[in-house]
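> Build me a model:
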Amino acid sequence: MKCPLCDARKGKRFCPAKQRQICAQCCGQKRVVEIACPADCRYLAEGQDFQRYKNHMALLASLEQPVERYQVLQTLVSFADVLEELEKAVVAYAGGLRTLQDSHVHEAVAQLEKSYRTESRGIIYEEGSSNPLVQGLAADLRESIERRRADLEAQPPLGLEDVLSCLRVLESSVRHYGQDAGAGYLNFLRRSHPEAGGRPDQSEGLITL
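Model prediction:
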């Protein structure tokens, strides 16, 4: 039986959202973004872990300098929880904002980097943006960062240099997915963190049978 989503390849995976057999390619490309995957779908969980691993490996491979590669790896290992919370903050903010693009995320992260770098020199100054989408996202990301910085019981503690390292990893991830190509990074995050609000609205934009 052909996959009902592409009508080209053979359906080999049972999709609980569609109650039909679909092909592995449609499952991988359209999960969460176009298919309202239930949280208990095993293919969703497996896909999230694989995509996260694939993203990290591709990110490390894209870095030419060994020192930078080592720093990024250390950040991925030591502050995985911080990076995950920042990713979830992006997904939650994106929500139903169809106009939000990777370029907006990149600008918001770059804006925060400048602000925290200024703080590292002893000057408190917040960079701003004329784009309300960027400004709103930057505010949400800063709130997430400051909440973690204020958590005295969190280990390891999140210092200012650690914040900058996390933002550099986030910025590298956006660049890796091509912020000028639309929403490749945002779609990756929606697949990785559907519980954060990135699940598709079943009433619009979905493939129906």
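
> In the chain, which residue is most central in space?
Computing the C-alpha centroid of the chain and ranking residues by C-alpha atoms, centre = their mean puts Leu189 first, at 3.1 Å.

> got the phi/psi numbers for it?
Backbone torsions for Leu189, taken as degrees, to the nearest 10, come to phi -70, psi -40.

> how far is the helix or strand of the chain with the lowest mean pLDDT from where the chain is centred?
One helix or strand of the chain scores below all others by mean pLDDT, DSSP states H and E: helix 42-62, with a mean of 77. With C-alpha atoms, centre = their mean, to the nearest Å as the basis, helix 42-62 stands 11 Å off its chain's centre.

> Against which helices or strands is that helix packed?
Applying 3 or more C-beta pairs under 8 Å, 6 or more residues apart in numbering; DSSP states H and E, we find helix 42-62 packed against helix 24-30, helix 66-78, helix 160-177, helix 184-192. In this view, the C-beta of every residue, glycine as well, is placed from N, C-alpha and C.

> Mind listing residues that contact stretch 118-126?
In this structure, residues lying in contact with stretch 118-126 by C-beta atoms under 8 Å, 6 or more residues apart in numbering are 115, 127, 160-161, 164.

> Can you lay out the helices and strands packed on helix 42-62 as JSON lines showing mean pLDDT and distance to Gln101?
As requested, these are arranged in JSON lines below (pLDDT from 0 to 100; distance: least, C-beta to C-beta, whole Å):
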{"stretch": "helix 24-30", "mean pLDDT": "87", "distance to Gln101": "19"}
{"stretch": "helix 66-78", "mean pLDDT": "85", "distance to Gln101": "24"}
{"stretch": "helix 160-177", "mean pLDDT": "88", "distance to Gln101": "10"}
{"stretch": "helix 184-192", "mean pLDDT": "83", "distance to Gln101": "7"}
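
> Which of these sits closest to Arg142?
For these, the distance to Arg142 is smallest for helix 160-177, at 9.7 Å, taking C-beta to C-beta.

> How about that closest one, which residues are buried there?
162-177 (16 or more other C-beta atoms under 10 Å).

> And stretch 44-62, by the same measure?
Buried residues in stretch 44-62, counting neighbours by 16+ other C-beta under 10 Å, are found at 44, 47-48, 51-52, 55-56, 59.

> separation between the residue nearest to the centre of the chain and Leu170?
Between Leu189 and Leu170 the computed distance is 10 Å (C-beta to C-beta, to the nearest Å).
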